[in-house]
Structures are given as structure tokens and as C-alpha cells.
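[1] Fold the following and give me the result.
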Amino acid sequence: MTAEKDKGFKFRKLFIRESEASEPEKQPAVPEQPYTRMQDDYISDSPPPDTTVAQAQALVDDFVQRLQNLINQNNQPGFDFLEFTESLFEEKQNPTPEVYKTVFRIAQKIDKSLTPSKLLESAMFYKGLVQQTADAEIKKGDSKKQGMQAEKDTERTNLDSNLKATRQKIQQLSKQIKDLQDQETTLNNQLQAIDQKYESKFIDVDKKIRAIKDAKDQVIVSIVDIEAGIKSNLS
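    Numbers count the residues shown, from 1 in each chain. Sure thing, here's the model as predicted:
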């Protein structure tokens, strides 16, 4: 029983225009394309999503309020489903069949052309209004998701490309470092071996220098001997 009462209360809350209860005049006639008259963009204007139950219910309640405003803005002229629903729930929160009949009889006194078929037709109008409005918002949401997915894919592709380029650069630098380390080892080995490399060359040059000196001394001695002979024998 409690669930039924809550259901009736929610239904009454959707269709009873409490803020407009004191206004006797009807809303303007329905335009040719009423389904476009959503006040704002639910998908874009809603707060960021939250995983909590309370936040989820708050989003539902927000859109219910938007639908209520939309229904009120697109109220059809004459006594239709909306006025009938208002009168119905003003009588009782959970109307019985007798309440339905009583409200309908009173409504016929206001609008003698009113029939159950007309009420059902206007009910279809409001259902269509709600359905098309919700479908349009869902389409916006799907479109926004596709846009975000494309943005995400682009960002992921760019990041992946940059990561690969960075890794490639790291590999190149690592190879350069390895090559430089190998070159360092080679140069260090050459530096350590440089004394041994030139030792034999120094020895060879020293031998030639001594030979030159010895040859010079021998030739000069010969020249001096002959020089002395000339002086002593020919002077």
C-alpha cells in the first residue's frame, strides 16, 4: 500500500502545477513543433556524474522537473489530460474508479465536448512529448560520448606516438652511450699501451744516433790523421 501511495504522490507531483495553481488562464496554444521547446541542455548543464545513489537520484529528479516544466509549457488548449490529472489528484492522492468518474463528470460540465477518447489522445500527446524530448537528450548524450571517445582516442594516439618516439630516442641515446663507452675503453687501452708502442722506436732511434756519432768520430779521426800528415810532410 505504501508503494502505491508513493507512486500516486510522484505522479501527482509530475502533473500538478503547484506554482501555477492561482492562475486561471490557460497556457498558449501548442506550436507546430512543441518537442523542441526544452528549456536548456540537460546533458551539458547537468553536474558532473557521481556514482553515489543520492547523486543518481538527484539527476533523475532534475530531469523529472525539466519534463514537468516542458509539459506545462506545452499544455494543450481546453480541458485535456493535464487538467484532468490535476483535478484527479486534487480529489485524492490515490484516486478510485469513482473519483475518476466524478472528476470526468465535472470536467464535462466545463468542456461539453470532452470524451475519454480526447483525454487519451491528449495523454498520447504528452507521452510523445516526454518520449521525444528524452530521446533527443539521449541522442545528445550519445553524441557527446562519441565526441569524448574521439577526443580520448586522439589524445591516446598522440600520447602513444610520443611515448614510442621517446622510447626510440632512449634506444638511440643508449646505443650512443654504449658506443662512447666502447670508444672510451679503446682509448684508455691505447693510452696504457703507448709507452710500449714507442719504446722500440726510441731504442731504434737511439741506436742510429750512436752509430752516427761513432761514424762521425771515425771519419773525423781519419781526416785529422791525413791533416797531420799533410802538415808534417808537405810544409
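
[2] how many other residues sit next to residue 62?
    Residues lying near residue 62 (other CB atoms under 10 Å) number 14. Using the backbone N, CA and C atoms, a C-beta is placed for each residue, glycine as well.

[3] tell me which element it falls in.
    helix 53-73 (DSSP states H and E).

[4] Now that helix: buried residues?
    66, 67, 68, 69, 70, 71, 73 (16 or more other CB atoms under 10 Å).

[5] moving C-terminal of the longest helix seen in the chain, what's the next helix or strand?
    The longest helix of the chain (DSSP state H) is helix 116-192. Next along the chain after helix 116-192, taking DSSP H and E as the criterion, comes helix 194-234.

[6] helices and strands around that following helix, which ones?
    Judged by 3 or more CB pairs under 8 Å, 6 or more residues apart in numbering; DSSP states H and E, helix 194-234 is in contact with no other helix or strand.

[7] Give me the mean pLDDT for it.
    Helix 194-234 carries an average pLDDT of 92.

[8] next one: that helix to chain centre, how far?
    Offset of helix 194-234 from its chain centre (CA atoms, centre = their mean, to the nearest Å): 92 Å.

[9] Show me how this protein divides into domains.
    According to automatic domain parsing, the chain comprises the domains 2-145, 178-234.

[10] Throw those into JSON lines and include distance to residue 158, thanks.
    Formatted as JSON lines, the domains of the chain follow (distance: least, CB to CB, whole Å):
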{"stretch": "domain 2-145", "distance to residue 158": "20"}
{"stretch": "domain 178-234", "distance to residue 158": "30"}
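
[11] Among those domains, show the one with the smallest mean pLDDT.
    Mean pLDDT per stretch puts domain 2-145 lowest among those, at a mean of 76.
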